[in-house]
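Visitor: Below are the sequence and a predicted model for it; my questions follow.
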Amino acid sequence: MFPYLRLGPFLLQMPLLALFIGFWIGNTFVEREAVRLGLNKEKINNLIGYGLFGGILGARLVYAAQYASVYVANPLGLLSLSTNTLSPIGGFLIGIAAAAAYGYRHKLPLRKTLDALTPGLSFFMIAVGVSHLLSGNAYGSPTRVPWAMYVWSDYRHPSQLYEIFFALIIFTIVLPKVIPASASGMRFVQFVALTVTARIFLEAFRGDSILWLDGYRAAQVIGLATLIICIVVLRQWGRIQQNESNIQ
Amino acid sequence: MNNSRFATWMTWALILGMIWTVISRVSPAQLQAQTGSVPKEGFTAPDFTLSLLDGGEVTLSDLRGKVVLVNFWTSWCPPCRQEMPAIESVYRSYKDIGLVVIGLNLTAQDSKQDAAAFAQGVGVTFPIALDLDNSVSNLYRVTALPTSFFIDRRGVIRSVIVGGPMSEAVIQSKVEGLLQEDQ
């Protein structure tokens, strides 16, 4: 764990730095893929920018909406640099909505755009794992396996290392396109399917899971639902592709 | 591997995932085993007893049932000085409905006189605890000032804010959220 680095009067948040680097490098993969797919690089960059800006703004606004009376009395609090006053789910949904609105307005082809974003997203997932390792978040459950890490006063599964390892494997599958994609958008769906499969497996080693009814881990349940959607989409698109090739 | 085979693999992954989800369900016994005293969100706040600037002592575990804000500060730290009026304002607004603030002065790195003069200058009314030997700041792994721990009524750390200054809105939103929760 290495959450903070003090540089004179400034406190550098290392997990945020890891995410920033992951975003920056991931973006170069996106640009390269966009060009390869014949998409306008600038428009894809703008789409990411809108998504990012919308996400940050949305995360703050949704958080503020939960404490409306506080922020109505102190509206300047909306401009706080604190990352502790953000709503991750609100940010995620509004960020996607902002990016989707931009893509729709500029007539970006949905499936191709998603394919272009895939290698960048895949790299960013590695950065997410590194940021968890630096912050000590997403820590593992207590264990006595020989490779356990002593963290938060107990021997625990090195869940952040598992996360990085699986993200690296998925990246090495996604980037060189190991699995063929017969239709546009298929590569994105493959990436999502692999990522949620890894999450369903790895979540069992986490010590900080959000639990739902009867002790089920929320991430696993959401992961299973997402995986079902991915399988339906893969089969549906595969069938359409098959019919088209039969007609030809 | 073609797409159809990939979809088949994913279907098997789904079936195994469902089984895995059931197997890895967390039982109430496991939940209790994961509870420990660590200065981290989701864990019970490490207990401490410290002398107060105005005399007497404060023990964190005695404050169960109340929402507690533990703010680590020194009088020479500019962001600590900047956020202190906001903390005081929030304390005055919410103390009657269950908020306790402990201004935990790192006295080993400060001086009792400077801490007292600053607290008096700001008009601080919440208790100032004196960490004379850094034992509590070490226990809480405080690496930067100010650092604030928001602790719920069960004594669990719910939010940690490192650095500052915190705005009044930030403090209020954290405190309100915890005060609204049932004990």
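Guide: Done, it's in. Computed from a prediction, not measured in an experiment: that's the story for all the values here. Numbering: from 1, shown residues only, chains lettered A, B, ... in the order given.
Visitor: can we go C-alpha only for contacts and neighbour counts from here?
Guide: Fine.
Visitor: which residues of chain A score low on pLDDT?
Guide: Flagging of chain A using pLDDT under 70 yields the residue ranges A:248.
Visitor: The most centrally placed residue in it - nearest residue in space that isn't next to it in sequence?
Guide: Ranked by distance to the mean C-alpha position of chain A (C-alpha atoms, centre = their mean), the top residue is residue A:125 at 5.9 Å. Distances taken as C-alpha to C-alpha, 6 or more residues apart in numbering or on different chains place residue A:167 nearest to residue A:125, at 6.0 Å, with adjacent residues excluded.
Visitor: Run through the residues that contact the one you found.
Guide: Taking C-alpha atoms under 8 Å, 6 or more residues apart in numbering or on different chains as the criterion, residue A:167 is in contact with A:122-123, A:125-126, A:129, A:195.
Visitor: Residue B:160 now?
Guide: Residues near residue B:160 by C-alpha under 8 Å, 6+ apart: B:40-41, B:147-150.
Visitor: Next, give me the two most distant ones among the residues you listed.
Guide: Of all pairs drawn from the contacts of residue B:160, the one with the largest separation by C-alpha to C-alpha is B:41 and B:147; the distance is 13.3 Å.
Visitor: Neighbour count: those two, which is higher?
Guide: When residue B:41 and residue B:147 are compared on other C-alpha atoms under 10 Å in any protein chain shown, the one with more neighbours turns out to be residue B:147, at 23 against 17.
Visitor: measure the more buried one to residue B:174 for me?
Guide: In this structure, residue B:147 lies at 14 Å from residue B:174, with C-alpha to C-alpha, to the nearest Å as the measure.
Visitor: Then residue B:44?
Guide: 17 Å.
Visitor: next one: residue A:138
Guide: With distances defined as C-alpha to C-alpha, the gap from residue A:138 to residue B:174 amounts to 21 Å.
Visitor: And for residue A:76?
Guide: Residue A:76 sits at a distance of 16 Å from residue B:174 (criterion: C-alpha to C-alpha).
Visitor: which one of the two has more residues nearby?
Guide: Legend: neighbour count by other C-alpha under 10 Å for residue A:76 and residue B:174, higher for residue B:174 (18 against 12).
Visitor: buried residues in the helix or strand hosting that one?
Guide: Using DSSP states H and E, residue B:174 sits within helix B:168-180. Along helix B:168-180, the positions that meet the burial threshold by neighbour count (16 or more other C-alpha atoms under 10 Å in any protein chain shown) are B:168-176, B:178-179.
Visitor: elements contacting that helix?
Guide: If you count contacts as 3 or more C-alpha pairs under 8 Å, 6 or more residues apart in numbering or on different chains; DSSP states H and E, helix B:168-180 packs onto helix A:68-73, strand B:67-73, helix B:78-94.
Visitor: switch to 7 Å and redo it
Guide: Of the remaining helices and strands, those touching helix B:168-180 by 3 or more C-alpha pairs under 7 Å, 6 or more residues apart in numbering or on different chains; DSSP states H and E are helix A:68-73, helix B:78-94.
Visitor: which of those sits most buried?
Guide: The densest packing among the helices and strands packed on helix B:168-180, expressed as mean neighbour count by mean count of other C-alpha atoms under 10 Å in any protein chain shown, is seen in helix B:78-94 with a mean of 18.
Visitor: that older thread, relative to strand B:67-73, how tilted is the helix holding residue B:174?
Guide: Orientation check (axes from the mean of the first three to the mean of the last three C-alpha atoms, to 10 degrees): helix B:168-180 against strand B:67-73 gives 150 degrees.
Visitor: what does the average pLDDT come to for helix B:168-180?
Guide: For helix B:168-180, mean pLDDT is 93.
Visitor: what does stretch B:48-64 give?
Guide: Stretch B:48-64 shows a mean pLDDT of 95 in the predicted model.
Visitor: Kindly report the residues of chain A close to chain B.
Guide: Taking C-alpha under 7 Å from any C-alpha of the partner chain as the test, the list of chain A residues beside chain B reads A:67, A:70-71, A:74, A:77, A:84-85, A:152-153, A:179-182, A:197, A:200-201, A:204, A:215-217, A:220, A:224, A:227, A:231, A:234-235, A:238.
Visitor: Can you flag which of those residues belong to helices?
Guide: Among those, the residues falling in helices (DSSP state H) are A:70-71, A:197, A:200-201, A:220, A:224, A:227, A:231, A:234-235, A:238.
Visitor: Of these - the most surrounded one?
Guide: Neighbours here mean other C-alpha under 10 Å. Within those, the largest count is held by residue A:220, at 29 neighbours.
Visitor: I figured residue A:98 was touching residue A:54, is that so?
Guide: Yes. The pair residue A:98 and residue A:54 passes the contact test of C-alpha atoms under 7 Å, sitting 5.6 Å apart.
Visitor: Burial check on residue B:123, number of neighbours?
Guide: So residue B:123, with other C-alpha under 10 Å, has 12 neighbours.
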